[in-house]
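1. just a sequence and a predicted model for now, questions to come.
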Amino acid sequence: MRAVRGAAIGCSSRVVWYAPGVKQTLIAVVGIGRLGRALAQRLSESGYKVSKVRSRKSGALATNADVVWFCVPDSQITRVAARFADQTWRTKCAFHSSGVLTSDALDCLRRLGAAVASVHPLMTFVAGSVPELGGVPFAIEGDARAVTAAREIVRELGGRPVGIKKKDKIAYHAFATMICPLLVSLLASAENAAELAGMSETEARRRMMPIIRQTLRNYEKLGPAGAFSGPIVRGDVETVQAHLGALRTRPRARAVYIELAKAALENLPSANSSELARLLRR
């Protein structure tokens, strides 16, 4: 990746000498969706030479790349990678950014001599937003040469490289899904409850943000038990019962409330837990 005086770091085994701080690595980003576009921008801002490959027709752009980073949907990774099998791979690294698939999804390129790795940023990528990657953990596993290259690139992005075992990837991705998309699902369910209180979706979002921000600050500083508040920690059975009654006309939101309350009884401090458990089973 970043070659320094007296040494060279990269996917290639060739030793090339460059002035300190000059990034000679060319990275081809294959797939310019939400992730690929954001990653290409941040790589470019970090000083890397980046080519964007939108389709196999422009695949020649990846021919001279030192690193080819596949940012396509999980179901397409192996198929898209196979379309580049006619290129020389012996000195290259190939990455993909699936959170659930291992580096074995790039086996077709590994067999051609590429060093391969899965490199997953624990970050959300949506249309209209390019997140900062400083401090973001990247889960990395794969061949030693590719892992070394990935760690260097992630550090240059300001991210935090973290090793992960192949056997742990599915559970890791379930964790990632719970803390981001399913968190959004929870907030959407909360909007349904807010509607019962006469709030529009826009007004609900405006009102909820201060308490959400403070809750996250409390969670970061104090942990889950220290950040937990409300009727369950107090053991206020009558209040929880009233909530369930009010939510009867919003059965999906009510079901979310019940399951989260059950999880709270298992994982967090609560008073009158037996009574609350019986109420939630009704």
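-> Happy to help now that I have it. Note that the structure is predicted; figures quoted are calculated from it, not measured.

2. show me what contacts the closest residue to residue 101 other than its chain neighbours?
-> Closest residue to residue 101 apart from its sequence neighbours, by Cβ to Cβ, 6 or more residues apart in numbering: residue 74 at 5.6 Å. Where C-beta positions appear, they are placed from N, C-alpha and C, glycine not excepted. Counting by Cβ atoms under 8 Å, 6 or more residues apart in numbering, residue 74 touches 98, 100, 101, 105.

3. got a list of what residue 100 touches?
-> 74, 169, 170, 173.

4. now swap in residue 67 and tell me
-> Counted by Cβ under 8 Å, 6+ apart, residue 67 has contacts 11, 25, 26, 27, 28, 92, 93, 94, 95, 149, 153.

5. from memory the second one sits against residue 64, does it?
-> No: taking contacts as Cβ atoms under 8 Å, residue 25 lies outside contact range of residue 64: 11.3 Å.

6. looking at those two, which is more packed in?
-> A direct count of neighbours by other Cβ atoms under 10 Å for residue 25 and residue 64 places residue 25 higher, at 24 against 13.

7. model confidence for the more buried one, exactly?
-> pLDDT, residue 25: 87.

8. equivalent analysis for the one 5 residues further on, please.
-> At residue 30, the model reports a pLDDT of 95.

9. switch to numbering from 14
-> In the new count, where the first residue is 14, that last one comes out as residue 43.

10. ok, the contacts of residue 87 vs residue 250, which is closest?
-> Nearest to residue 250 among these is residue 113, at 40.2 Å by Cβ to Cβ.

11. does residue 133 really touch residue 150, like I thought?
-> No: using Cβ under 8 Å, residue 133 is not in contact with residue 150; the gap is 9.1 Å.

12. so which of the two has more stuff around it?
-> Under the neighbour definition other Cβ under 10 Å, residue 133 and residue 150 were set side by side, and residue 133 has more, 24 against 15.

13. let me see the contact set for the more buried one.
-> Going by Cβ under 8 Å, 6+ apart, the list of residues near residue 133 reads 110, 111, 112, 151, 152, 153, 186, 189.

14. among the residues you listed, which ones are in strands?
-> Counting by DSSP state E, the part of the contacts of residue 133 found in strands is 151, 152, 153.

15. so how far is stretch 49-67 from its chain's centroid?
-> Centroid separation for stretch 49-67 versus its chain: 18 Å, with Cα atoms, centre = their mean, to the nearest Å.

16. buried residues of that stretch, list them for me.
-> Of all the residues in stretch 49-67, those buried under the rule 16 or more other Cβ atoms under 10 Å are 49-53, 55-56, 59, 61, 63-66.

17. now the two most distant members of those.
-> 59 and 66 (18.9 Å).

18. let me see the ranges of the strands in the stretch 164-295 of the chain.
-> Secondary structure of the stretch 164-295 of the chain (DSSP state E, counting those that start in this stretch): strands located at 173-176.

19. residue closest to the middle of this structure?
-> Nearest to the mean C-alpha position of the chain, counting by Cα atoms, centre = their mean, stands residue 135 at 3.0 Å.

20. look up phi and psi at it.
-> With angles defined as degrees, to the nearest 10, residue 135 sits at phi -80, psi 80.

21. look up the residues forming beta bridges with the closest residue to it other than its chain neighbours.
-> Closest residue to residue 135 apart from its sequence neighbours, by Cβ to Cβ, 6+ apart: residue 150 at 4.8 Å. Under DSSP bridges, the beta-bridge partners of residue 150 are residue 173.
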